[in-house]
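Enquirer: this one's structure only:
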Ligand code: MN3
């Protein structure tokens, strides 16, 4: 079973004014579709066809060298964007509740301190990449960034929230103002889904 581009859980214009419709159409329909197609092409007729993306990304070293870079880039791109769409929603934002809220407070001091750290970490990634909130192997929260399409699964961590800081994610609306894009993005973070991801990662 090949990987499929997941349908967006909302309309292309649903995240306006924070993320514009044209960016969403290209980002989902062209970029994410491209990663999906290239991932499938790389895995065809390999022993990894049919495995989950988490399993594939968690040990790239066992892949044949001929497809390793393609799977790293496009498999990461596939997984990263699946999470990105899911963890955004119209009329969202605000703060998490329950276990995730408690864990954020314990780990980072407060939600405000977490936000500052996350935004600074994501927006200072040099070149293209992602900012992450992950659950590590000890079920602890961590914030870091990765270059290109590298996934936290590659280091045995479960990403529960990610911010795409590639220029294709924001340049049409925000130009080079990456921090302004990140500030707006908080308004569309779907904390209910992030909390669900947190609970699943801690199980
Ligand atoms: Mn992207």
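Expert: Looks like it came in fine. Worth saying up front: this structure is predicted, and the values here are computed from it rather than measured. Residues are numbered from 1 along each chain as shown.

Enquirer: rest of the way, CA atoms for contacts and neighbours
Expert: Fine.

Enquirer: Give me the contact list for the helix or strand hosting residue 119.
Expert: Using DSSP states H and E, residue 119 falls within helix 111-123. Helix 111-123 is contacted by residues 95, 101, 104-105, 108, 130-133, 143-145, 163, 165, 178-179, 182-183 when judged by CA atoms under 8 Å, 6 or more residues apart in numbering.

Enquirer: Ok, stretch 68-83 next?
Expert: When contacts are defined by CA under 8 Å, 6+ apart, stretch 68-83 is touched by residues 6, 32, 35-36, 38-39, 42-43, 53-54, 57, 60-61, 148-151, 160-162.

Enquirer: Next, count neighbours for residue 122.
Expert: 25 (other CA atoms under 10 Å).

Enquirer: how far away is it from residue 58?
Expert: 22 Å (CA to CA, to the nearest Å).

Enquirer: Can you turn the buried part of the contacts of helix 111-123 into a ChimeraX selection?
Expert: The ChimeraX command for the buried members of the contacts of helix 111-123 (criterion: 16 or more other CA atoms under 10 Å) is given here:
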select :101,104,108,130,131,132,133,143,144,145,163,165,178,179,182
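
Enquirer: Confirm residue 130 sits in a strand?
Expert: Yes. Under DSSP: H, G, I helix; E, B strand; the rest coil, residue 130 sits within a strand.

Enquirer: Spatially nearest residue to it, not counting backbone neighbours?
Expert: Distance criterion CA to CA, 6 or more residues apart in numbering; nearest residue to residue 130, sequence neighbours excluded, is residue 164 at 4.8 Å.

Enquirer: Pull out the buried positions in the longest helix belonging to the chain.
Expert: Longest helix in the chain, counting residues (DSSP state H): helix 65-86. For helix 65-86, a neighbour-count test (16+ other CA under 10 Å) marks 68, 70-83, 85-86 as buried.

Enquirer: mind giving me the domain split of the protein?
Expert: Domain segmentation of the chain under automatic domain parsing yields 21-86, 98-202.

Enquirer: Redo these as TSV? Include distance to residue 2 and mean pLDDT.
Expert: Converted to TSV, the domains of the chain look like this (distance: least, CA to CA, whole Å; pLDDT from 0 to 100):
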stretch	distance to residue 2	mean pLDDT
domain 21-86	6	97
domain 98-202	20	98
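
Enquirer: can I get those domains in TSV with distance to residue 14?
Expert: Listed next are these as TSV, based on distance: least, CA to CA, whole Å:
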stretch	distance to residue 14
domain 21-86	8
domain 98-202	10
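
Enquirer: which stretches of this structure form helices?
Expert: 21-26, 33-43, 53-58, 65-86, 98-108, 111-123, 171-174, 178-185, 191-202.

Enquirer: Quick one: those helices as JSON lines, columns for distance to residue 139 too.
Expert: Listed next are the helices of the chain as JSON lines, based on distance: least, CA to CA, whole Å:
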{"stretch": "helix 21-26", "distance to residue 139": "32"}
{"stretch": "helix 33-43", "distance to residue 139": "29"}
{"stretch": "helix 53-58", "distance to residue 139": "16"}
{"stretch": "helix 65-86", "distance to residue 139": "19"}
{"stretch": "helix 98-108", "distance to residue 139": "10"}
{"stretch": "helix 111-123", "distance to residue 139": "17"}
{"stretch": "helix 171-174", "distance to residue 139": "35"}
{"stretch": "helix 178-185", "distance to residue 139": "26"}
{"stretch": "helix 191-202", "distance to residue 139": "6"}
